[in-house]
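Engineer: What follows is a protein structure lacking sequence information:
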């Protein structure tokens with residue numbers, strides 16, 4: 001176990017290049033993945049070496065050149081292929097390798113923080129065991145320690161009175177950290193309706209980064225143990241819901257065509273979305289507005305918030321394109337305006353009386 005933890009904490013991802021004969025890579029450090037950029041380069045290199053020249057995906061036959069059929073099938077399923085005929089694209093391989101590196105880095109950080117917490121707990125237990133061993137040793141030697149034990153008991157009673165709440169807090173924090181353990185370092189969580197990323201885990205507190213502005217927030221573990229905590233990283237693939245509305249007079253043919261095109265777009269992006277999305281009517285309001293809803297399942301959970309919003313934006317852009325091409329519109333309800341009285345016209349610029357009389361005189365003379 002110690003060797004495994006040491007490898008995870010201090011090691012790095014490596015490719016099969018180091019096992020390939022006649023490899024032109026002499027520097028062993030160049031074959032290890034230590035950053036996301038190196039992970040992307042490794043994915044590109046693997047794709048060009050495994051896929052057929054000119055092909056846009058890695059097929060099952062390509063993998064069977066390097067491994068058995070059963071292992072090749074497991075690899076295809078691991079990389080996101082749902083069937084044998086479906087290939088592994090460049091983007092899928094790239095995303096998988098980058099995610100593998102991120103998970104390993106998060107595991108390394110989590111092990112570091114857990115090791116620190118375990119060391120602190122170990123020191124506390126060492127002090128307690130030392131006291132117990134000292135008392136047992138004095139009893140074995142036959143030394144009269146009755147007065148000493150009375151003194152120690154009185155001091156313990158005083159310590160419990162003074163540090164009782166602290167001991168209770170430490171015990172609750174230990175239970176939360178090592179038994180409940182609702183998150184690890186790097187997980188995206190939701191506490192009190194706020195999305196946070198776990199940055200550091202200690203025995204008494206946990207340090208988070210708020211997703212909106214990277215503000216550092218520290219929560220006591222005893223307080224976190226009483227709160228419901230959502231963990232996006234440990235959640236399965238999550239559902240995206242997009243709501244919109246159309247006018248009630250929209251022909252059903254247009255609505256059917258709209259549903260077909262939206263579903264077709266989602267099912268054509270197999271790397272981003274699961275199959276069988278749903279476009280349904282959710283409600284009718286004010287006898288003129290039909291509320292509709294698109295429900296599609298991502299091929300990721302909302303731990304990857306940035307990729308989630310990119311895919312959602314692409315889907316919304318495609319929906320807007322479909323709306324414009326099918327001339328789908330929404331109109332407000334008509335309403336009547338009745339005018340009962342017109343206010344009298346009042347001029348703010350009044351002419352001099354003599355000028356008006358002169359004008360009337362000239363008019364009458366002419």
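Structural biologist: Thanks, I have it. Nothing here was measured: the structure is a model prediction, and the numbers come from that model.

Engineer: Only C-alpha atoms from now on, for both contacts and neighbour counts.
Structural biologist: Will do.

Engineer: Write down the beta-bridge partners of residue 246, one by one.
Structural biologist: Taking DSSP bridges, one obtains residue 290 as the residues bridged to residue 246.

Engineer: was I right about it contacting residue 328?
Structural biologist: Yes. Between residue 246 and residue 328 there is a contact under CA atoms under 8 Å: 6.9 Å.

Engineer: Phi first, then psi, for the residue nearest in space to the middle of the chain.
Structural biologist: Residue closest to the average C-alpha location in the chain (CA atoms, centre = their mean): residue 303, at 1.8 Å. Dihedral angles of residue 303 (phi, psi; degrees, to the nearest 10) stand at phi -60, psi -40.

Engineer: Show the contacting residues for it.
Structural biologist: Residue 303 sits next to 187, 188, 232, 233 when contact means CA atoms under 8 Å, 6 or more residues apart in numbering.

Engineer: Identify the residue nearest the second one in space, chain neighbours excluded?
Structural biologist: Leaving aside its sequence neighbours, residue 188 sits nearest to residue 197 (CA to CA, 6 or more residues apart in numbering; 4.5 Å).

Engineer: so how far is residue 53 from the one you found?
Structural biologist: Here residue 197 is placed at a distance of 42 Å from residue 53 (CA to CA, to the nearest Å).

Engineer: These two - which one has more neighbours?
Structural biologist: Legend: neighbour count by other CA atoms under 10 Å for residue 197 and residue 53, higher for residue 197 (24 against 8).

Engineer: so how far is the one helix or strand residue 313 maps to from its chain's centroid?
Structural biologist: Under the criterion of DSSP states H and E, residue 313 resides in helix 305-325. A distance of 18 Å separates the centroid of the chain from that of helix 305-325, by CA atoms, centre = their mean, to the nearest Å.

Engineer: Give me the packing partners of it, helices and strands only.
Structural biologist: For helix 305-325, the elements it packs on are helix 252-268, judged by 3 or more CA pairs under 8 Å, 6 or more residues apart in numbering; DSSP states H and E.

Engineer: for the helix or strand just after the helix it packs on, what is the average pLDDT?
Structural biologist: Once helix 252-268 ends, the next helix or strand along the chain (criterion: DSSP H and E) is strand 278-285. The average pLDDT within strand 278-285 is 90.

Engineer: ranges for the strands of the stretch 1-150 of the chain?
Structural biologist: Secondary structure of the stretch 1-150 of the chain by DSSP state E, counting those that start in this stretch: the strands cover 13-14, 32-33, 57-58, 88-89.

Engineer: wait, is residue 337 part of a strand?
Structural biologist: No. Applying DSSP: H, G, I helix; E, B strand; the rest coil, one finds residue 337 to be coil, outside a strand.

Engineer: Just read off the phi/psi values of it.
Structural biologist: phi -120, psi 120.

Engineer: tell me the mean pLDDT over the longest helix anywhere in the chain?
Structural biologist: Ranked by residue count under DSSP state H, the longest helix found in the chain is helix 90-140. For helix 90-140, mean pLDDT is 74.

Engineer: same deal with stretch 220-240?
Structural biologist: The average pLDDT for stretch 220-240 rounds to 90.

Engineer: Would you mind measuring the gap between the ends of that stretch?
Structural biologist: End-to-end distance of stretch 220-240 (CA to CA): 33 Å.

Engineer: Go through that stretch and flag the buried ones.
Structural biologist: 221-222, 224-225, 230-234, 237-240 (16 or more other CA atoms under 10 Å).

Engineer: Using JSON lines, please lay out the residues you listed together with distance to residue 259 and secondary structure.
Structural biologist: Converted to JSON lines, the buried residues of stretch 220-240 look like this (distance: CA to CA, whole Å; DSSP: H, G, I helix; E, B strand; the rest coil):
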{"residue": "221", "distance to residue 259": "48", "secondary structure": "helix"}
{"residue": "222", "distance to residue 259": "50", "secondary structure": "helix"}
{"residue": "224", "distance to residue 259": "44", "secondary structure": "helix"}
{"residue": "225", "distance to residue 259": "45", "secondary structure": "coil"}
{"residue": "230", "distance to residue 259": "33", "secondary structure": "strand"}
{"residue": "231", "distance to residue 259": "33", "secondary structure": "strand"}
{"residue": "232", "distance to residue 259": "30", "secondary structure": "coil"}
{"residue": "233", "distance to residue 259": "32", "secondary structure": "coil"}
{"residue": "234", "distance to residue 259": "32", "secondary structure": "coil"}
{"residue": "237", "distance to residue 259": "23", "secondary structure": "coil"}
{"residue": "238", "distance to residue 259": "21", "secondary structure": "coil"}
{"residue": "239", "distance to residue 259": "18", "secondary structure": "strand"}
{"residue": "240", "distance to residue 259": "16", "secondary structure": "strand"}
